[in-house]
Structures are given as C-alpha cells and as structure tokens.
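1. no sequence on hand, only this structure:
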C-alpha cells in the first residue's frame with residue numbers, strides 16, 4: 001500500500017490527469033503516495049508510475065467518469081470546465097473534480113463539493129502539498145458544514161426536502177430552525193459563534209428554513225418554508241418468523257408497521273433476531289439488499305430481557321419467551337452505551353400474515369440512544385512535533401485536518417487551532433487525563449468515526465500511542481476494527497538537541513523522571529545504568545510543582561560517573577514562541593529554572609562545548625578527540 005493511502009481512502013478510487021511533462025512531474029509523486037492512478041497521453045507514458053491513454057482525453061474521460069470517485073486535473077481550469085461539462089449529470093452522483101495548478105500552489109474544488117467530497121479532497125490535498133485550498137461554497141466560507149452533508153460522519157441518511165432552498169437560506173445568513181429528535185448532538189459543538197441555527201426550544205423568531213433530524217417520517221410543521229430531513233439510523237427492528245417466511249412478507253410487514261408508527265425506514269439501523277434464524281433466506285435477502293446488518297443473539301441472552309409481551313409458546317419453541325421485542329432491545333442497547341441513554345422499545349410486537357405469502361412474521365422496534373454509523377472507525381495516533389505548525393510532517397498535518405474528531409491535551413489542541421476544518425469535533429482534555437482521552441478515542445472510533453489523537457513530539461515516545469494500543473489490547477482488539485495508523489513526529493529530544501547543536505550524535509537514551517506511572521526505584525536504576533554506561537541522556541518531565549527532589553537525585557547519580565563540567569542542555573518549549581535554550585554544566589544544572597515543558601540533555605564523557613554549541617563526537621576524527 002502506498003504510504004499515505006489511509007488518508008485518502010474515503011476518496012478512492014482516484015484518477016489524476018496530466019498532459020505535460022511539468023504536470024506529470026508534479027503529480028507523479030503525489031499519486032504514488034496517495035494511491036491514485038496517473039493518466040497521461042501515450043507519448044508521455046514511458047515514465048514509471050503512469051498509465052497512458054490513446055485517442056482524445058474527452059473520450060478517455062467518459063470511461064473514467066463512472067468508475068472513479070475522484071478526478072484530479074493538472075490543467076487550466078477553463079479547459080477542465082469544457083472537458084467535464086458534457087458529462088455533468090447530478091451533484092449527488094458526479095465524481096469530485098479537483099484542479100491542481102502545475103506549481104502546486106493552489107488546489108481548486110471545482111465540482112461536487114459537498115456530497116461528492118470535492119471540498120474535503122481539496123482541503124486534504126492542499127494540506128498534503130502545502131498549497132492553498134480554493135473553496136468557494138457559501139457554507140465553507142462561513143465555516144459551516146454543508147447542510148447536505150451534515151450527517152455524513154454519523155451515518156445519517158438524507159430524506160426528502162428542499163435542499164437548495166435550505167442551503168440558500170444558510171448562504172443568506174437567514175435563521176434556520178433545527179428540530180432534532182434523534183441522533184448525536186456532537187455536531188452542535190462544531191458550529192462557529194455566528195452560525196445561523198436556532199434549536200426548537202430556542203425559537204423566538206419565525207425561521208426562514210427548517211432542518212429536521214428525526215426518526216419520524218414527517219413533521220406536523222405548518223410553516224410554509226423550505227424544509228429538509230436527515231434520518232439518523234437509530235431504529236432496530238426485532239424479527240421473529242416461521243421457517244420459510246418470504247422476504248416479501250417481511251418487507252411489506254415492515255413497511256406497514258413503520259407507516260402505522262410514523263417511522264422513517266431510512267432510520268432503520270438493522271435487523272435483530274435469535275441466532276436460530278441466522279440462515280433464514282428471506283431475512284438474509286432483505287438485509288443484503290437494504291445494506292442492513294443482521295444481529296443474531298443466543299436464546300440465553302434474549303430470555304434475560306424483560307419484555308411487555310412474552311409468549312410461552314415462543315419460549316417452548318426457541319428457548320426464549322421473546323424474540324422480536326428482546327432482540328430489538330438488545331441490538332439498540334449495544335449502541336446506547338455510547339451516550340448512556342437507555343434503549344427504548346417504542347413499538348411492541350405485532351404479528352403479520354398474508355394469504356398470498358408463506359409464513360408469518362413478528363416485528364417490534366426499539367430506539368437506540370446512539371445511531372448506527374455503518375462506517376469502519378479509524379484511530380490516527382499523531383505526533384505533532386515541538387508545537388510549531390511548520391514542524392508537523394505533511395502526513396500528520398493532513399490527518400489532523402481530515403479527522404472527524406481531534407482529541408488531545410488542551411495545550412496541544414490550542415497550538416493546532418489553525419489546522420482544524422469546519423465541522424470537526426474538537427475535544428481538549430486536562431494534562432492528567434491520558435486514560436480518559438484513550439478510552440474516549442477508542443469509543444468514538446469503534447462507533448465509526450475517524451479520530452485523531454494528538455501528542456506533542458512523537459506519539460510513540462512518552463505520547464498517547466502506547467496508551468491507546470494498551471487500552472485496545474485490554475479490550476480484546478482484533479487488530480482490524482478500528483483501523484490504527486501511527487503518524488510519527490519530531491520528538492522533543494530531537495527538537496531540543498537541534499537548538500543547541502549535535503549532542504545526540506552518539507549513543508543516547510531517554511528517561512522520564514515522572515514517577516506518576518513508574519516507581520522511583522525503577523527510574524533510579526535506569527539513571528544509574530545510563531550514567532555508568534556513558535549514554536548521552538535526555539531527561540523528560542524533569543520537575544513539576546510538587547516533584548522537585550527527583551532532579552536533584554538524578555544530578556547526583558550522574559556526578560558519580562561524569563565530570564562536573566560535563567555539558568548539559570536545558571531547552572524549554574523548543575520551536576514555540578516562549579522557547580528558552582541554555583547550555584550549562586552538570587554541576588550547575590539546578591541553577592536554571594526547569595519545569596515539565598523542559599527537556600534536559602546530559603552529555604557523555606566526550607561531549608564538548610564550542611562557541612556555545614554542544615557537540616558529541618561520532619568518532620569520524622578519532623573517538624573522543
């Protein structure tokens with residue numbers, strides 16, 4: 001797999017098109033990194049990593065249009081407009097169209113910005129290339145998520161309505177009322193301060209448009225204004241049926257019970273039943289065609305669920321007094337744990353038969369406290385380097401901007417504010433809340449979101465990556481769901497070393513003096529070993545407001561094995577505005593102000609100072625000379 005393909009999975013398959021050697025040179029490394037296919041005229045196809053097409057580009061584009069989710073052009077914008085104009089059909093189905101200039105200074109979202117994800121791809125490519133994104137949609141310029149993609153991250157399904165009318169009201173900054181009866185409200189915290197929305201309990205003025213986020217089929221609104229419907233997938237349908245019940249009977253019965261209860265079929269998350277029905281052909285066909293998951297529970301589990309309508313006959317037949325009601329509740333309750341909102345059985349069981357169809361089916365419906373997203377979650381464990389945005393790797397930069405959720409220590413979140421995208425969920429935590437961060441990130445990823453967990457420096461060096469993987473292991477993670485990617489960053493010891501010279505040119509180690517997670521006797525043993533073995537040693541977390549003796553003890557240990565004038569670097573907040581870098585000696589180490597944002601580098605027996613630069617010889621000119 002190309003190295004950065006995970007960052008662009010949501011836009012695949014991607015085809016890129018270049019017509020000149022300069023454009024090929026610009027796009028070729030990009031395509032190789034992100035897993036895109038680069039198409040060029042046959043005359044340029046002798047290069048590695050490209051594919052040639054014969055005939056006209058217009059003809060070739062017709063073959064790509066229906067098979068590619070995204071198209072990237074390195075052509076004049078006008079030329080691209082003329083090429084794609086005859087192929088444009090519907091913004092709900094057309095591929096994303098993005099234009100990159102030959103100098104890769106600008107990335108332009110041309111068509112299918114919302115549903116086709118051209119805007120999102122443009123931002124991600126611009127982040128990756130260090131270019132300027134050009135996005136002209138009204139929602140994007142207002143810092144909002146387009147109303148037609150508002151629920152994409154949460155797996156909501158679009159219902160009916162006047163989408164253009166509501167989008168127009170938002171563009172004009174008119175008041176838009178939101179009526180939400182189901183689904184996550186996490187999107188509320190992503191809104192900018194000047195957003196146009198009012199919520200149903202805040203309505204003090206007549207709105208210009210309405211957005212319904214509901215499990216219901218229709219509203220009782222009498223307002224003659226544009227309305228649209230999003231349907232969170234919160235309904236779990238419990239089904240019990242006789243062997244051989246037809247798919248048609250199940251489907252028509254489901255339609256009837258939804259009509260009776262005014263429930264939207266688009267809000268159905270999936271089907272639940274007893275495991276004895278796991279191979280029921282009618283059920284399997286229906287779930288396959290509707291892309292519904294089929295949850296099957298053992299009778300021993302279902303019989304523990306209290307239900308309003310138990311049946312002794314069912315109990316005798318399958319080992320549980322309830323299939324439909326109990327299964328619906330069990331499935332709904334699994335997701336409800338995410339929000340601590342209990343599942344509710346909202347439609348008691350009903351039995352359906354038809355003279356025209358074989359079998360009989362029993363249906364019940366439960367409402368979950370959280371929606372089914374239908375997505376595979378991802379955990380991106382990201383090292384952000386020393387703190388300055390320009391010190392973040394392009395891949396990490398792109399991952400931060402492209403995640404659904406960003407979680408981290410509040411200080412690091414503040415340093416990254418300029419990278420965040422409209423609609424992102426940002427969750428800052430206190431410095432001591434590492435485990436809470438890990439648990440929250442895993443829960444959201446298991447739900448189906450893409451979660452970026454940020455750490456300063458490198459995420460795998462005293463960062464969050466290790467804790468997240470440990471927590472996943474404790475939860476019995478299968479190694480696949482959620483997907484995990486680790487994005488390395490410039491570590492704190494590298495940043496500190498770069499500010500004072502080359503102290504790490506020979507063998508070195510890193511030791512944290514924090515005994516919050518590691519007993520001090522263990523740390524002390526490691527300090528003794530490092531000092532005796534003559535490692536250049538980087539000390540992390542050297543001193544806090546309540547922990548001051550450990551650094552004194554570390555100094556004494558090293559003075560047993562190193563000369564008092566051994567060079568020592570003390571670097572605080574490397575590459576940040578408040579940076580301080582001091583080179584001193586081991587004996588004078590404690591005379592400098594030191595805190596948790598400081599890295600200390602203690603030289604070895606050969607480390608020296610030259611014009612205030614700290615140098616540890618590698619040995620090319622003779623060891624120690």
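-> Looks like it came in fine. A quick note: this is a predicted structure, and the numbers were derived from the prediction, not measured. Numbering: from 1, shown residues only.
2. residue 486 reaches residue 381, doesn't it?
-> Yes. Applying Cβ atoms under 8 Å as the test, residue 486 and residue 381 come out as touching, 4.7 Å apart. In this view, the C-beta of every residue, glycine as well, is placed from N, C-alpha and C.
3. joint contacts of the two?
-> 459, 460, 465 (Cβ atoms under 8 Å, 6 or more residues apart in numbering).
4. top of these by number of neighbours, please.
-> Using other Cβ atoms under 10 Å as the neighbour criterion, residue 459 leads the shared contacts of residue 486 and residue 381 with 26 neighbours.
5. is residue 345 in a bridge, and if so with what?
-> Beta bridges link residue 345 to residue 366 when assigned by DSSP bridges.
6. count of residues packed around it?
-> Burial of residue 345 is recorded as 23 neighbouring residues (other Cβ under 10 Å).
7. please tell me how far it sits from residue 255.
-> Residue 345 sits 20 Å away from residue 255, taking Cβ to Cβ, to the nearest Å as the criterion.
8. same check on residue 420?
-> To residue 255, residue 420 is 43 Å away according to Cβ to Cβ.
9. so for these two, which sits in the more crowded spot?
-> Set residue 420 next to residue 255 and count neighbours by other Cβ under 10 Å: residue 420 wins out with 17 against 11.
10. which SS class is the nearest residue to the more buried one once chain neighbours are set aside?
-> Ranked by Cβ to Cβ, 6 or more residues apart in numbering and with sequence neighbours excluded, the top spatial neighbour of residue 420 is residue 426, at 6.2 Å. For residue 426, the assignment made with DSSP: H, G, I helix; E, B strand; the rest coil gives strand.
11. next, the contact list for residue 426, please.
-> Here residue 426 is in contact with 189, 190, 405, 406, 413, 420 (Cβ under 8 Å, 6+ apart).
12. one more time with 10 Å
-> Residues near residue 426 by Cβ atoms under 10 Å, 6 or more residues apart in numbering: 189, 190, 403, 405, 406, 407, 408, 413, 416, 417, 420, 452.
13. ok now stretch 169-182, how far from the chain's centre?
-> Chain-centre distance of stretch 169-182: 26 Å, with Cα atoms, centre = their mean, to the nearest Å.
14. so can I have a markdown table of the shared contacts of residue 486 and residue 381 showing pLDDT?
-> Output for these, formatted as a markdown table (pLDDT from 0 to 100):
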| residue | pLDDT |
| --- | --- |
| 459 | 95 |
| 460 | 95 |
| 465 | 96 |
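15. returning to that earlier point: out of the contacts of residue 426, the closest to residue 105 would be?
-> Checking these against residue 105 with Cβ to Cβ, the nearest one is residue 420 at 22.4 Å.
16. pLDDT wise, what is the closest one at?
-> The model reports residue 420 with a pLDDT of 90.
17. need phi/psi at it.
-> Backbone torsions of residue 420, given as degrees, to the nearest 10, read phi -70, psi 150.
18. what do you get for residue 229?
-> phi -130, psi 130.
19. what is the burial count for it?
-> Neighbourhood size, residue 229 [other Cβ under 10 Å]: 24.
20. from residue 368, how far out is it?
-> 19 Å.
21. and what of residue 605?
-> 64 Å.
22. cool, and residue 502?
-> According to Cβ to Cβ, residue 502 and residue 368 sit 58 Å apart.
23. neighbour count: those two, which is higher?
-> Set residue 502 next to residue 368 and count neighbours by other Cβ under 10 Å: residue 368 wins out with 30 against 15.
24. now do the phi/psi pair for the more buried one.
-> phi -90, psi 150.
25. so the nearest residue to it once chain neighbours are set aside is in which element?
-> For residue 368, ignoring the flanking residues on the chain, the nearest one in space by Cβ to Cβ, 6+ apart is residue 332 at 3.9 Å. Assigned by DSSP states H and E, residue 332 falls within helix 324-336.
26. tell me which helix or strand the nearest residue to residue 497 once chain neighbours are set aside sits in.
-> Distances taken as Cβ to Cβ, 6+ apart place residue 504 nearest to residue 497, at 4.7 Å, with adjacent residues excluded. Element membership for residue 504 (DSSP H and E) is empty, with no helix or strand holding it.
27. contacting residues around residue 504?
-> Counting by Cβ under 10 Å, 6+ apart, residue 504 has contacts 493-494, 496-498, 510, 536, 538, 601, 603, 607, 614, 616.
28. what is the nearest of the residues you listed to residue 29?
-> residue 494 (25.1 Å).
29. on the three-state scheme, that closest one is what?
-> Secondary structure state of residue 494, per three-state DSSP, is helix.
30. the residue nearest to it when sequence neighbours are not counted and residue 26: what is the separation?
-> Nearest residue to residue 494 in three dimensions, chain neighbours excluded: residue 504, at 7.4 Å (Cβ to Cβ, 6+ apart). Distance from residue 504 to residue 26, counting by Cβ to Cβ: 36 Å.
31. number of nearby residues for residue 182?
-> 22.
32. my read: it touches residue 367, true?
-> Yes. Taking contacts as Cβ atoms under 10 Å, residue 182 lies within contact range of residue 367: 7.3 Å.
33. what residues does residue 535 make contact with?
-> For residue 535, the contacting residues are 506, 507, 508, 509, 510, 511, 529, 602, 604, by Cβ under 10 Å, 6+ apart.
34. for the second one, the count of nearby residues, please.
-> Each residue near residue 507 was counted by other Cβ under 10 Å, and the total is 12.
35. for the fifth one, same thing?
-> Residue neighbour count, defined by other Cβ under 10 Å, stands at 20 for residue 510.
36. does it have beta-bridge partners, and which?
-> Under the criterion used here (DSSP bridges), residue 510 is bridged to residue 538.
37. what about it, distance to residue 420?
-> Applying Cβ to Cβ, the value for residue 510 to residue 420 is 30 Å.
38. using TSV, lay out the contacts of residue 504 together with pLDDT and distance to residue 432.
-> Below are those laid out as TSV (pLDDT from 0 to 100; distance: Cβ to Cβ, whole Å):
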residue	pLDDT	distance to residue 432
493	95	22
494	95	25
496	95	23
497	96	28
498	95	29
510	97	21
536	97	30
538	97	22
601	97	26
603	97	32
607	96	34
614	97	33
616	96	34
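39. list just the nearest of those residues to residue 375.
-> residue 494 (35.8 Å).
40. wait, the closest one sits on residue 538?
-> Yes. The pair residue 494 / residue 538 is scored as a contact, 9.3 Å apart, by Cβ under 10 Å.
41. list residues touching both of the two?
-> 461, 504, 599.
42. skipping adjacent residues, who's closest to residue 258 in space?
-> Closest to residue 258 by Cβ to Cβ, 6+ apart is residue 265, at 5.4 Å.
43. number of nearby residues for that neighbour?
-> Per other Cβ under 10 Å, the neighbour tally for residue 265 reads 16.
44. count of neighbours near residue 419?
-> There are 21 residues near residue 419, going by other Cβ under 10 Å.
45. gap between it and residue 330?
-> 41 Å.
46. could you do residue 164 as well?
-> Separation of residue 164 from residue 330 (Cβ to Cβ): 41 Å.
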